[in-house]
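Whatever this is, show me its structure:
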Amino acid sequence: MTPHTEPSNAMDQSQKTTHERTYSVRTVAYWLCTLMIVVELFAGSMWALSRIPFDREQIGHLGYPLYMLYILGAWKLGGGAVILSPRFPRLKEWAYAGAFFDFSGAVASHLFVGDSPTNWAYPALLVAVLLVSWSLRPEGRRLPSLSSEASPSITEWAVPIGIAAAILMLSVLTLPKGHFSTHCSGPCGASGIAQSP
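The predicted structure is shown next:
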């Protein structure tokens, strides 16, 4: 070897080692977070489908009907299986979105009924772990990049935004009289929604 090519090889080897180490840490972090989420989804599914007393108590406390346990249990089982399995990148996106809605919905539900942080901290942690898992996914578990497509122009956004605004205004205008208020005028529960007698 000539002295001129030796430093280049050493530098390439150093960069390769650093890249491998970074890839390794990223992979380990991805799998730890992903396994934590999948364990929670599978265990949550079994608990919900079995309607254990803890889940029945929680769902009742939050004001949801008991049959929600069957719906949540089935979707958690499917979501966990899809997140864990190889391939199906679009289905994985949906499973991650569903898990995000489930965990963040649990946080919001506990906050709406006035629960303390001991009740909503764990689902909030799951939201964070889920986002880490989603962001660290390897290329084979992601949708193909759409960066080659041109970004939509402002005029391409104006039409759908205008239509959405018009539909939203129409929806507000069609509400029954007196139903568009910021507070409850009758007997209210913890949610601020009028309760029927």
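
What's the local residue count around residue 163?
As a burial measure, the neighbour count of residue 163 was computed by other C-beta atoms under 10 Å and equals 10. All C-beta spots, glycine's among them, are computed from the backbone N, C-alpha and C.

can you confirm residue 95 is in a helix?
Yes. Judged by DSSP: H, G, I helix; E, B strand; the rest coil, residue 95 forms part of a helix.

And for it, the neighbour number?
25.

Renumber starting at 781 from here on
Done: numbering now begins at 781, and the last item shifts to residue 875.

What residues of stretch 816-825 count as buried?
Residues of stretch 816-825 classed as buried: 816-818, 820-822, 824-825 (neighbour count, 16 or more other C-beta atoms under 10 Å).

before we move on, what about stretch 868-879?
872-873, 875-876, 878-879.

Looking at those, which is nearest residue 935?
For the buried residues of stretch 868-879, the closest approach to residue 935 (C-beta to C-beta) belongs to residue 873, at 28.1 Å.

how close does the nearest residue to that closest one once chain neighbours are set aside get to residue 910?
If the residues on either side of it in the chain are set aside, residue 873 comes closest to residue 923, at 6.3 Å by C-beta to C-beta, 6 or more residues apart in numbering. If you measure residue 923 against residue 910 using C-beta to C-beta, to the nearest Å, the figure is 17 Å.

between those two, which one's more packed in?
For residue 923 versus residue 910, neighbours defined as other C-beta under 10 Å are more numerous around residue 910 (24 against 10).
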